[in-house]
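just to be clear, the model below is a prediction. Sequence and coordinates:
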Amino acid sequence: MRTAIEGARKGAPPAEIVREHAGSEPLLKKVVAWLDDAKAEEIVSIDLKGKSSIGDFMVIATGRTDRHVGAIAEQLRKHLKDTGFENVRVEGLQTCDWVLIDAVDIVVHVFRSEVREFYNLEKMWSASRPGEQTSH
């Protein structure tokens, strides 16, 4: 497989770069469906476009116990790998209170209920930016 520099020299980027920029909405739908199949609860997706450069979407879900959180994360990692996302980063599997799965343009957080309530990422990331108009 060519590197990004080789692809740029030849005028065609490698397949990984094309896949990353092909649009994250179809993958978002799959991720939400996979979380639902794993019996994740309270699945929420937040559009990050224009808010952050960490990705296009953030998905937050809850598992009933630490074992359930770990199982959800492992199933999601397996589905992503089977779909062609080889370099998915996963953090937090040691304790499974909060597991983060970084799938390039989609960042998935799987929490135990108490931990999700404590950090309340939905409120932080759904808030409008300073100077941004909000509807009243």
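Looks like it came in fine.

looking at this protein, which helix or strand is least sure?
helix 15-20 (a mean of 40; mean pLDDT, DSSP states H and E).

after it, which helix or strand is next? Please name it.
If you walk from helix 15-20 toward the C-terminus, the next helix or strand you reach (DSSP states H and E) is helix 25-37.

tell me which helix or strand comes right after that next one.
Scanning the chain past helix 25-37 towards its C-terminal end, the next helix or strand to appear is strand 41-47 (assignment: DSSP H and E).

in that next one, what counts as buried?
Taking 16 or more other CB atoms under 10 Å as the neighbour-count basis, strand 41-47 is seen to contain the buried residues Ile43, Val44, Ser45, Ile46. Every residue, glycine included, has its C-beta placed from N, CA and C.

pretty sure the first one sits against Val59.
Yes - assessed by CB atoms under 8 Å, Ile43 is found in contact with Val59 at 6.8 Å.
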